[in-house]
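Engineer: Sequence first, then the predicted structure:
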Amino acid sequence: MALDVVTFGCRLNTYESQAMRRAAGAGGLDDAVIVNTCAVTGEAVRQARQAIRRDAAAWAATRAAFGIDGGEKAVVNDIMAVRDTALHLIDGIDGRVRAFVQVQNGCDHRCTFCIIPYGRGPSRSVPMGEVVAQVRRLVENGYREVVLTGVDLTSYGDNLPGAPRLGRLVRQILKHVPELERLRLSSIDSIEADDDLLDALAGEPRLMPHLHLSLQAGDDMILKRMKRRHRRADAIAFCEKVRRLRPDVVFGADVIAGFPTETEAMFARSLDFVEECGLTHLHVFPFSPRPGTPAARMPQVPRAVAKERARRLRERGAAALARHLAGEVGRRRRVLAETNGVGRTEQFTPVRLAAPAAPGTMLDVAIAGHDGRQLLAA
Ligand code: SF4
């Protein structure tokens, strides 16, 4: 029998499953099914449970057919007791163009809507030397771009000797791997961004001018009820500061619509946050209560209202993206070609290429137009 890895959830889970498969293979594990689940929403958990029950039944039937006894008990570890560094560094899957390296796992915060810390445990980071060595290996293997990922990326280093911050890691990578052409950050908590990181954004052209921010809401009372660590004014000031340091920067953000107790006036502050911060790429989530979290016990906004607010927020996001795309027309941009005739600018804006290019090719292109979703190269 073979080793099977079943994955639920986002890209982070997909990358982690690759690392699990490799680690399990290296450790000699076979005749096993690893299920890597997502627990972000109640619905995700329900789907995963259903699939596990189905697979377990099929597995038990197969084992019985081969005369193997299936008497093992479930063993559950206490994730809160895990203090080890997350050692899995993940190779790229985007056709040798872009590699993702997970440098941090877990989270010490307790945002009231989030179940992640209970699934992933406390924050822990990969030592800088190991990250640098991995990035060097990836570049030697032909990758042009590396994305640093983590569950709470800006808490990088908390548990490491000397408590290096994310900015220092970024500087070390760029210094010790001069052949790396593009370095990106997956998602950051702006209130945790350190001065070194801002300096790197200002002075390191190889650190890409695209930041995805975990903002969640534009109203202070809602941010407080979410137990976020920033206020509206902090986020606006952060975006202004970064834009001063790096004028070509583009921001993305996660925003939740219809968080418990959110009034129309509070929501209006999330709407105008898009312009106040100058956000370009919005990831909008209508609030959905996650059983076991404090937010699930707060007075709820009707689901239909949350969905309708999410729709308005997405509309605002689409208009912001259209403004960004229109502003790109007529410029020349350096584009890293991916598969299927598409590439990405330094700001991570997708570009439909005029002619096919091998994935991993770096091109200088003139932007002739856009179709509302992506730029069109001349
Ligand atoms: S910082 Fe992110 S991962 Fe941590 S509790 Fe908050 S939302 Fe969840």
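Structural biologist: Cool, the structure landed.
Engineer: Assign a three-state SS to the nearest residue to M298 once chain neighbours are set aside, would you?
Structural biologist: In space, and not counting its chain neighbours, M298 is closest to P260: 3.5 Å by CB to CB, 6 or more residues apart in numbering. For the C-beta atoms, the positions are set from N, CA and C on the backbone; glycine is no exception. Applying DSSP: H, G, I helix; E, B strand; the rest coil to P260 yields a three-state assignment of coil.
Engineer: correct me, but P260 touches S288?
Structural biologist: No. P260 lies out of contact with S288 (CB atoms under 8 Å); the separation is 11.1 Å.
Engineer: Can you tell me the element A318 falls in?
Structural biologist: A318 is part of helix 303-328 when elements are defined by DSSP states H and E.
Engineer: Let me know the next secondary structure element after that helix.
Structural biologist: Taking DSSP H and E, what comes next after helix 303-328 is strand 332-337.
Engineer: and that following strand, what does it pack onto?
Structural biologist: The elements that strand 332-337 packs onto, with contact taken as 3 or more CB pairs under 8 Å, 6 or more residues apart in numbering; DSSP states H and E, are strand 342-344, strand 362-370.
Engineer: need the residues of the stretch 51-200 of the chain near the ligand, please.
Structural biologist: Contact residues (CB under 6 Å from any ligand atom) of the stretch 51-200 of the chain with the ligand: C107, H109, R110, C111, C114, I116, P117, V151, D152.
Engineer: farthest pair in those residues?
Structural biologist: Largest separation among these by CB to CB: R110 and V151, giving 13.3 Å.
Engineer: Neighbour count: those two, which is higher?
Structural biologist: Legend: neighbour count by other CB atoms under 10 Å for R110 and V151, higher for V151 (22 against 12).
Engineer: which residues in the stretch 1-150 of the chain form helices?
Structural biologist: 11-26, 42-65, 116-120, 128-140 (DSSP state H, counting those that start in this stretch).
Engineer: Turn these into CSV, including mean pLDDT, distance to S190 and mean neighbour count.
Structural biologist: Converted to CSV, the helices of the stretch 1-150 of the chain look like this (pLDDT from 0 to 100; distance: least, CB to CB, whole Å; neighbours: other CB atoms under 10 Å):
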stretch, mean pLDDT, distance to S190, mean neighbour count
helix 11-26, 74, 20, 16
helix 42-65, 73, 27, 13
helix 116-120, 90, 18, 17
helix 128-140, 94, 22, 17
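Engineer: possible to save those as JSON lines with distance to V147?
Structural biologist: Output for the helices of the stretch 1-150 of the chain, formatted as JSON lines (distance: least, CB to CB, whole Å):
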{"stretch": "helix 11-26", "distance to V147": "10"}
{"stretch": "helix 42-65", "distance to V147": "23"}
{"stretch": "helix 116-120", "distance to V147": "19"}
{"stretch": "helix 128-140", "distance to V147": "11"}
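Engineer: Can you tell me which of those is nearest to A235?
Structural biologist: helix 116-120 (20.7 Å).
Engineer: Need the CA coordinates for stretch 225-239. PDB is fine.
Structural biologist: Output of stretch 225-239 as PDB, limited to C-alpha atoms (Å, rounded to 0.1, in the frame of the first residue of the first chain):
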ATOM      1  CA  ARG A 225     -14.000  43.600  19.500                       C
ATOM      2  CA  MET A 226     -11.900  41.500  17.100                       C
ATOM      3  CA  LYS A 227      -9.000  42.000  19.600                       C
ATOM      4  CA  ARG A 228      -6.800  43.300  16.800                       C
ATOM      5  CA  ARG A 229      -3.700  45.200  17.900                       C
ATOM      6  CA  HIS A 230      -4.100  48.200  15.500                       C
ATOM      7  CA  ARG A 231      -6.600  51.000  15.200                       C
ATOM      8  CA  ARG A 232      -7.900  52.600  12.000                       C
ATOM      9  CA  ALA A 233      -5.500  55.500  12.300                       C
ATOM     10  CA  ASP A 234      -2.500  53.100  12.700                       C
ATOM     11  CA  ALA A 235      -3.300  51.400   9.500                       C
ATOM     12  CA  ILE A 236      -3.800  54.600   7.500                       C
ATOM     13  CA  ALA A 237      -0.500  56.000   8.900                       C
ATOM     14  CA  PHE A 238       1.300  52.800   8.100                       C
ATOM     15  CA  CYS A 239       0.100  52.900   4.400                       C
END
